[in-house]
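S.K.: show me how the following folds:
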Amino acid sequence: MAKHTTQPQPAPVDFAQATLQAWNGELGLLQLFDLCNQLSAQQQAPLAAVLYQTWLKRNRTTHDHLALFNLGVILFSEGDYAGAGEVYNHALRLDPNFLQPRFNLGLVHERLGQHDIATAQWQWLETHARADDAEQRPFLLMALNNLGRHYEEQNRFADALNALTKSLQLEPNQPDVIHHWVFLRAKQCLWPVYEPLPGLPEAMQREYTSALAMISISEDPQEQLAAAQQYVRNKLSTPAHKLAPDKPYKHKKLRIAYCSSDFCLHPVAKLTVELFELHNREQFEVYGFDWSHEDGSALRQRVIKAMDHFERIHHLSDEAAAQLIRAHEIDILIDLQGQTLGARPYILALRPAPVQLTYLGLPATTGLPSIDYVIADKFLIPEDQTQFYSEKPLYLPDVYQASDRQRQASAPPSRSSCNLPEDAVVFCSFNNNYKFTEQMFHCWMRILQRTPNSVLWLLSDNPWAQANLIAQAQGFGIDMARLIFAQRVSPEDYLARFAVADLFLDTYPFNAGTTANDALWMGLPVLTRSGQTFASRMAGALLTAAELPELITYDLASYEEQAVALAHSPSTLQELRTRLQAVRAEGVLFDTPRLVRNLEEQLKHLVRPH
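M.R.: Below is the predicted model:
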């Protein structure tokens, strides 16, 4: 029989002895590195920092900058950003060409909110680090990538794209950089989105397109599924075991929990807040697990108040957050995030609840094996399309999308106050500009050509997209004055704008979701095109519930013809508005109590099928 052996554990560091040696100048630099590495490995990083500090105070060598750098790394990891910055700067005074502390100093200033100083460090590396030097090249790439990330977070999309383009020209095979680069082009309406670069063919760009970006680029459900699964393979490890028990809990009330980073002034919260409020408290206990931005909005306060239990988990690791959810014995965990910004999919991967669903956050399949169901209706996900989803559809009978009947709108503005002509047909599309595609925008330009007395009212998303859209319009002979860009305003003023327009032109293949709901709530007809994917059927699902199938088209030519026909028939547009007022008052589309009852019946059946 084989004898079981274990690897011998290194002896604990004699910290007192090591510190005394450092004080007396009896500890060599290599010994210092070895002892500090051992201390860090034994979860005693603060002691390693003290040992470095003692050694640096009492010793002088030509390599002190290396000790300072290592000390900076420890201080940064312990959250002492000011201390890390101080020793990194000291290291640079000793060796101005030392690249590692220069790069890390950018991270320090970023954490301290000193964004200009952070970018200055990475810009120095951009201009000084040599691409042809094997040791310097990695720092050049990291500097460019961090500049790209930082600029994107600040909505400096053109600067971000420029930095990432330089990075990809140096090293094309960078999947994370590729997916940001693709989405940055989409955000700026730079068409075609897939632009060949040396060593980076379109096929490779498609392979590494993020799930969210793919929704707006591709109408192929298989391609969207592949993008989601690619993320799971490359980014998400599989836990060794799941936390939730196999058998359901036996609570008197079902415990349902919603988790999100969007419990703030965000489209998901706008749609779901009344759903949270209306859950039947005699049968359900409602939890919120939250890592959202504290924006101080009235909407966030409504969400918090709507939960029976609201847990902030922003400070917890994914493992600790999952353990907390498990400790609350949640029966059904509902993810409101998918693969969108701020997602924490590893929480779901740990299986803190026996049943896990996804809803609204990502209008596509998540590809996450840990999610069992996606809340849908049969228009949104037809039964013959379910093979393109990693989740099983949980069908609601009327419509999948919740609505908030408490949302308030300001008084309708005048057209002149919106820079709109009084007597023109006003088409509008207040979607984020990355949803615009070359094909659909060109269709809109043909609609303007065929409707001479008309304008197109768009969201002023970013200046680069605006400039590119104007240039595209001018290519069709459309006067730039016929494209009118609206600045972002308060939710109440935003809703009021819909009363001023004549027809909402939906995007494809990424339809309006919350925006379509808002437009219909305000009585504005929405013309959509539906395809095969979740994102391309969202507005169609709403219009089906509103019993307005004539506003759903299935190809570009029909969409264009219907838009032109409606623009030339004010009486038809008025009739549609009248019908929408009836839908708002008594239709199923905005009957949130009915939707909540339907959802609750489905949730009860998942846990207690008999």
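
S.K.: is it true that His90 touches Leu68?
M.R.: Yes: taking contacts as C-beta atoms under 8 Å, His90 lies within contact range of Leu68: 5.2 Å. C-beta: built from backbone N, CA, C; applies to glycine.

S.K.: which one's more surrounded, those two?
M.R.: A direct count of neighbours by other C-beta atoms under 10 Å for His90 and Leu68 places Leu68 higher, at 23 against 17.

S.K.: and the gap between that one and Leu32?
M.R.: 12 Å (C-beta to C-beta, to the nearest Å).

S.K.: how about Ala424?
M.R.: As judged by C-beta to C-beta, Ala424 and Leu32 stand 75 Å apart.

S.K.: the two: who's more crowded?
M.R.: Leu32 (24 against 17).

S.K.: quick one: contacts for that one?
M.R.: Leu32 is in contact with 22, 51-52, 55, 67, counting by C-beta atoms under 8 Å, 6 or more residues apart in numbering.

S.K.: which SSE is it in?
M.R.: helix 29-41 (DSSP states H and E).

S.K.: list every C-alpha atom in that helix, with coordinates, as CSV.
M.R.: Extracted in CSV, the C-alpha atoms of helix 29-41 (Å, rounded to 0.1, in the frame of the first residue of the first chain):
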residue,chain,number,x,y,z
LEU,A,29,19.2,42.0,0.1
LEU,A,30,18.5,38.5,-1.2
GLN,A,31,17.9,37.2,2.3
LEU,A,32,15.5,40.1,2.9
PHE,A,33,13.5,39.2,-0.3
ASP,A,34,13.3,35.6,0.7
LEU,A,35,12.1,36.3,4.3
CYS,A,36,9.6,38.9,3.2
ASN,A,37,8.2,36.5,0.6
GLN,A,38,7.8,33.8,3.2
LEU,A,39,6.0,36.2,5.5
SER,A,40,3.6,37.2,2.8
ALA,A,41,3.0,33.6,1.9
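
S.K.: now it: average pLDDT?
M.R.: Mean pLDDT, helix 29-41: 93.

S.K.: so how far is whichever helix or strand comes after it off the chain centroid?
M.R.: Downstream of helix 29-41, the next assigned helix or strand under DSSP H and E is helix 45-58. Taking C-alpha atoms, centre = their mean, to the nearest Å, one finds the center of helix 45-58 at 41 Å from the center of the full chain.

S.K.: count of residues packed around the residue nearest to Thr553 when sequence neighbours are not counted?
M.R.: Excluding its sequence neighbours, the residue lying closest to Thr553 (C-beta to C-beta, 6 or more residues apart in numbering) is Tyr559, at 4.3 Å. By the criterion of other C-beta under 10 Å, Tyr559 has 23 neighbours.

S.K.: my read: Tyr559 touches Cys443, true?
M.R.: Yes: look at Tyr559 against Cys443 with C-beta under 8 Å: they come within range, at 6.6 Å.

S.K.: how far away is Asn598 from Gln574?
M.R.: For Asn598, the distance to Gln574 (C-beta to C-beta) stands at 32 Å.

S.K.: quick check: phi and psi on Thr119?
M.R.: When quoted as degrees, to the nearest 10, the phi and psi of Thr119 stand at phi -70, psi -30.

S.K.: again with Ala226
M.R.: phi -60, psi -40.

S.K.: strands along this protein, start to end?
M.R.: Per DSSP state E, the chain carries strands over the ranges 254-260, 284-290, 309-312, 332-335, 355-358, 373-376, 392-395, 425-429, 454-459, 483-486, 503-505, 526-529, 552-553.
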